[in-house]
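Engineer: have a look at this prediction, sequence included:
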Amino acid sequence: MSQLPTEHDAEEIYQQAVQAERSHHFDEAERLYRRFAELSPQDPRGPNKIGVILAVRGELDAADAAFRQALSLDPKYAPALTNSGNIRLEHDQLEEAVALYEQALTYAPDYGPAHNNLAAALKRLRRYRPMVQHLKHAQRVERRTDRERARNEVKGCSFRGGTTTILLVVVGLLPFGVFWR
């Protein structure tokens, strides 16, 4: 007798899909995202990520439909709003793209991809001052995320003296000069 998949199984499938996507195994990623969407039909991540894979393949109309499906599950889901904006940006519908990115930022003010993509749209509209503000915000968010990731990686480690200082500089927990990314 087989057991029904659990929420944990669905999350494991989602993480496998993310890894496949990062490795550019898009067919495998799409298959896994579709399986995740079957197991978690109310989770907007499934249709959103399916849309990402479709967009990477250049299937923008199908991708847009997937993003709309994700938004029907959660109208405040910033990644799907941002990705819908990306579709508009690809079609040179710049004002619509800006509106979608701004909407994403009302629900997730520190969502870096929305800031970066909004900056791209604003650049095309020649609105340079707000473009720079959004790029700076995205960079601040990225640096904070990097620091948090580094802190989590070194938690529990104990070092003494200069080794600790060097480690903290290398992983970005201790500022050392100015670093450009």
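Structural biologist: Here it is on my side, so go on.

Engineer: how many residues are close by residue 94?
Structural biologist: 18 (other C-beta atoms under 10 Å). In this view, the C-beta of every residue, glycine as well, is placed from N, C-alpha and C.

Engineer: and if you look at residue 35?
Structural biologist: Residue 35 is flanked by 18 other residues according to other C-beta under 10 Å.

Engineer: which helices and strands sit right next to the helix or strand harbouring residue 104?
Structural biologist: Assigned by DSSP states H and E, residue 104 belongs to helix 94-107. Counting by 3 or more C-beta pairs under 8 Å, 6 or more residues apart in numbering; DSSP states H and E, the packing neighbours recorded for helix 94-107 are helix 78-90, helix 112-124.

Engineer: what is the rounded mean pLDDT of that helix?
Structural biologist: Confidence over helix 94-107, taken as the mean pLDDT, stands at 98.

Engineer: check which residues of that helix are buried.
Structural biologist: For helix 94-107, the neighbour count (16 or more other C-beta atoms under 10 Å) marks 94, 96, 97, 98, 99, 100, 101, 103, 104, 105 as buried.

Engineer: list the contacts of it.
Structural biologist: Surrounding helix 94-107, the residues in contact under the criterion C-beta atoms under 8 Å, 6 or more residues apart in numbering are 76-79, 81-82, 84-86, 88-89, 111, 114-115, 117-118, 121-122, 124-125.

Engineer: read off the pLDDT value for residue 178.
Structural biologist: For residue 178, the predicted pLDDT is 32.

Engineer: please read the previous query as pertaining to residue 2.
Structural biologist: 56.

Engineer: ok, now the one 5 residues further on?
Structural biologist: Per-residue pLDDT puts residue 7 at 79.

Engineer: tell me, how many residues neighbour it?
Structural biologist: For residue 7, the number of neighbouring residues by other C-beta under 10 Å comes to 10.

Engineer: what subset of the contacts of helix 94-107 is buried?
Structural biologist: A residue is treated as buried here by neighbour count (16+ other C-beta under 10 Å); on that basis the buried members of these are 77-79, 81-82, 84-86, 88-89, 111, 114-115, 117-118, 121-122.

Engineer: least trustworthy helix or strand in this structure by mean pLDDT?
Structural biologist: helix 161-170 (a mean of 41; mean pLDDT, DSSP states H and E).

Engineer: so residue 126: helix, strand or coil?
Structural biologist: Reducing the assignment to helix, strand or coil with DSSP: H, G, I helix; E, B strand; the rest coil, the entry for residue 126 is coil.
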